[in-house]
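Colleague: this is the structure alone, sequence omitted:
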């Protein structure tokens, strides 16, 4: 018998049982250690944000996965299967190479400056002459959030990963994370009054193929109004925004306070 256990009998059955039990414990412990080490390696390699972004992308509704060439009308109804990363997409490369005769830009009432590119999580990126990039919120997100109660910006020197969190904000009951459109190091904190929220020095040559052009972004923002309508309605099944016309200046007023965190999280893709 075992010390302290007067009921244990060291017969073959109990010995085998203890051996199997010990093997299970060792296997579980080994699995946990391996998972922890794998997660650590992913963080060290900067791939953790990419992994999380892919998982979150898979959970998005089909209405949020429109291909950029569906937005332009080149491939109506096509959905993205690459987590909005057009690098390596043969269809995208072929269409870009053959693009001609584009119609005038229709912004649908949104402010879509032509000097920047746009992320599906509603951040924009503007390349600057010194090789850095400015980052801010696009017009739809600005109208949804209004003036944030709290804006949490990463410190100068902080590392950002593409599709990982760029900054956090609090607006009423909502606390949301905004995805970064670039990988790099923060070199300056901005503010809404400065016209940008972060200035970042990209890692290596700037690759913007995964971002939307102003023309694509204009169509994207117009479609996002439909997704916003569904997000606000939710289980209520009632219209929340007026049909037709230009978008209202303060879209945030259409969101009930109790739904604000959920709706903003859905619209900003919660990096």
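Modeller: Now that the structure is in, tell me what you want to look at. Nothing here was measured: the structure is a model prediction, and the numbers come from that model.
Colleague: for the chain, which segments count as helices?
Modeller: Counting by DSSP state H, the chain has helices at residues 12-45, 48-58, 68-71, 90-97, 139-145, 214-233, 260-267.
Colleague: low pLDDT regions in the stretch 151-271 of the chain?
Modeller: Scanning the stretch 151-271 of the chain for pLDDT under 70 picks out 234-249, 271.
Colleague: if we use 80, what do you get?
Modeller: 234-250, 270-271 (pLDDT under 80).
Colleague: what about the strands in it?
Modeller: With DSSP state E, counting those that start in this stretch, the ranges of strands along the stretch 151-271 of the chain come out as 159-160, 165-171, 174-179, 184-191, 196-202.
Colleague: looking at those, which is nearest to residue 264?
Modeller: For the strands of the stretch 151-271 of the chain, proximity to residue 264 was assessed by CB to CB; strand 174-179 is nearest, at 4.4 Å. Every residue, glycine included, has its C-beta placed from N, CA and C.
Colleague: I'd like to know which elements that closest one is packed against.
Modeller: Applying 3 or more CB pairs under 8 Å, 6 or more residues apart in numbering; DSSP states H and E, we find strand 174-179 packed against strand 165-171, helix 260-267.
Colleague: pull the number of nearby residues for residue 152.
Modeller: For residue 152, the neighbour count with other CB atoms under 10 Å is 12.
Colleague: tell me who's in contact with it.
Modeller: When contacts are counted by CB atoms under 8 Å, 6 or more residues apart in numbering, residue 152 touches 167-170.
Colleague: which among those count as buried?
Modeller: Neighbour-count burial (16 or more other CB atoms under 10 Å) applied to these gives 167-169.
Colleague: ok, of these, which one's closest to residue 29?
Modeller: Distances from residue 29 to the buried ones among the contacts of residue 152, taken as CB to CB, are shortest for residue 168 (34.9 Å).
Colleague: apart from its chain neighbours, what residue comes closest to that closest one?
Modeller: Spatially, and ignoring its direct neighbours in sequence, residue 168 is nearest to residue 152 (4.2 Å; CB to CB, 6 or more residues apart in numbering).
Colleague: same check on residue 126?
Modeller: Excluding the flanking residues, the one nearest residue 126 by CB to CB, 6+ apart is residue 116, at 3.9 Å.
Colleague: quick one: contacts for the one you found?
Modeller: Per CB under 8 Å, 6+ apart, neighbours of residue 116: 124-127, 134, 214.
Colleague: distance of it from residue 260?
Modeller: 27 Å (CB to CB, to the nearest Å).
Colleague: ok so, going back, in JSON lines, list the helices and strands packed on strand 174-179 along with distance to residue 202.
Modeller: JSON lines is the format used below for the helices and strands packed on strand 174-179 (distance: least, CB to CB, whole Å):
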{"stretch": "strand 165-171", "distance to residue 202": "13"}
{"stretch": "helix 260-267", "distance to residue 202": "26"}
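Colleague: do you know how far residue 190 is from residue 133?
Modeller: For residue 190, the distance to residue 133 (CB to CB) stands at 12 Å.
Colleague: just the terminal-to-terminal distance for stretch 66-83.
Modeller: 11 Å (CA to CA, to the nearest Å).
Colleague: buried set for it?
Modeller: Those buried within stretch 66-83 under the rule 16+ other CB under 10 Å are 66-72, 75, 80, 83.
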